[in-house]
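Colleague: Just to be clear, the model below is a prediction. Sequence and coordinates:
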Amino acid sequence: MAVNDSLAQQPFSYQASKDGKIRIFRSNKLATTLRGKEALRFLSKIESTDEAGSQLVMARVTGQFKFGNEKDLRPK
């Protein structure tokens, strides 16, 4: 499954709280929480992109993004 295919299903969502924290969810499970400057940078990126772009931003922020160039270290 390619990255674009998995992001097309829109697995990521986020929730902003009154205290300035951003909670990012993947498949309705908490993936990470952003605070302070990191949360503000995230919001500015999300506001300036479309839905597909916002899925990519959330994937990168959570670290759950595969670049496709990882080596398979399993024995063959």
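Modeller: In hand now; what should we look at?
Colleague: next helix or strand past the helix or strand bottoming out on mean pLDDT in the chain?
Modeller: Using mean pLDDT, DSSP states H and E, helix 3-8 stands out as the lowest-scoring helix or strand of the chain, at a mean of 64. Following helix 3-8 in sequence order, the next helix or strand is strand 12-16 (DSSP states H and E).
Colleague: mind listing what's buried in that following strand?
Modeller: By neighbour count with 16 or more other CB atoms under 10 Å, strand 12-16 contains the buried residues 12, 14. For every residue, glycine as well, the C-beta is placed using N, CA and C.
Colleague: So which elements touch that strand?
Modeller: Applying 3 or more CB pairs under 8 Å, 6 or more residues apart in numbering; DSSP states H and E, we find strand 12-16 packed against strand 22-26, helix 36-47, helix 51-62.
Colleague: Send me it as CSV with only the CA atoms.
Modeller: Taking Å, rounded to 0.1, in the frame of the first residue of the first chain, the C-alpha atoms of strand 12-16 are listed here in CSV:
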residue,chain,number,x,y,z
PHE,A,12,-5.6,11.5,10.9
SER,A,13,-7.6,14.1,12.8
TYR,A,14,-6.8,16.7,15.4
GLN,A,15,-8.4,18.5,18.3
ALA,A,16,-7.3,21.9,19.6
